[in-house]
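**Q** Sequence and predicted structure are below.
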Amino acid sequence: MRATRWIRQFHRWTSVVFFLCVIATTIALAQERPLLWMSYLPLAPLALLALTGLYLFALPYLPQRELPRREDWRDEAPR
């Protein structure tokens with residue numbers, strides 16, 4: 001469960017980075033002499049978003065591991 005939580009957090013922060021890259025690219029390409037290499041800037045975060053997004057999408061369909069259950073302490077008889 002910890003890995004899934006980390007991946008969710010990573011996905012959220014990567015989406016922020018992607019958003020900022022898209023804004024920077026839009027500004028750079030709107031200039032009189034646009035920097036064309038800036039159009040490739042959002043591709044790296046987009047690839048990471050695709051990978052983590054596919055994992056998070058498939059997560060409900062993957063078989064869940066069942067952890068061994070511990071006896072509930074309330075069910076135990078007093079000693």
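**A** Sure thing, it's come through.

**Q** how about low-confidence regions in the protein?
**A** 1, 67-79 (pLDDT under 70).

**Q** try 90 this time
**A** By pLDDT under 90, the low-scoring segments of the chain are 1-4, 35, 60-79.

**Q** what about the helix ranked longest in it, distance to the chain center?
**A** Longest helix of the chain, by residue count under DSSP state H: helix 2-29. In terms of C-alpha atoms, centre = their mean, to the nearest Å, the centre of helix 2-29 is set 8 Å apart from its chain centre.

**Q** One more: stretch 21-31?
**A** Using C-alpha atoms, centre = their mean, the offset of stretch 21-31 from its chain centre is 24 Å.

**Q** Counting by contacts, list what the longest helix of the chain packs against.
**A** Contacts defined by 3 or more C-beta pairs under 8 Å, 6 or more residues apart in numbering; DSSP states H and E place helix 2-29 against helix 43-58. Every residue, glycine included, has its C-beta placed from N, CA and C.

**Q** how far off helix 2-29 does the helix it packs on point, in degrees?
**A** With axes from the mean of the first three to the mean of the last three C-alpha atoms, to 10 degrees applied, the angle from helix 43-58 to helix 2-29 works out at 140 degrees.

**Q** Contacts for helix 43-58, please.
**A** Ile7, Arg8, Phe10, His11, Thr14, Ser15, Val17, Phe18, Cys21 (C-beta atoms under 8 Å, 6 or more residues apart in numbering).

**Q** So what would you say the end-to-end distance of stretch 28-40 is?
**A** 12 Å (C-alpha to C-alpha, to the nearest Å).
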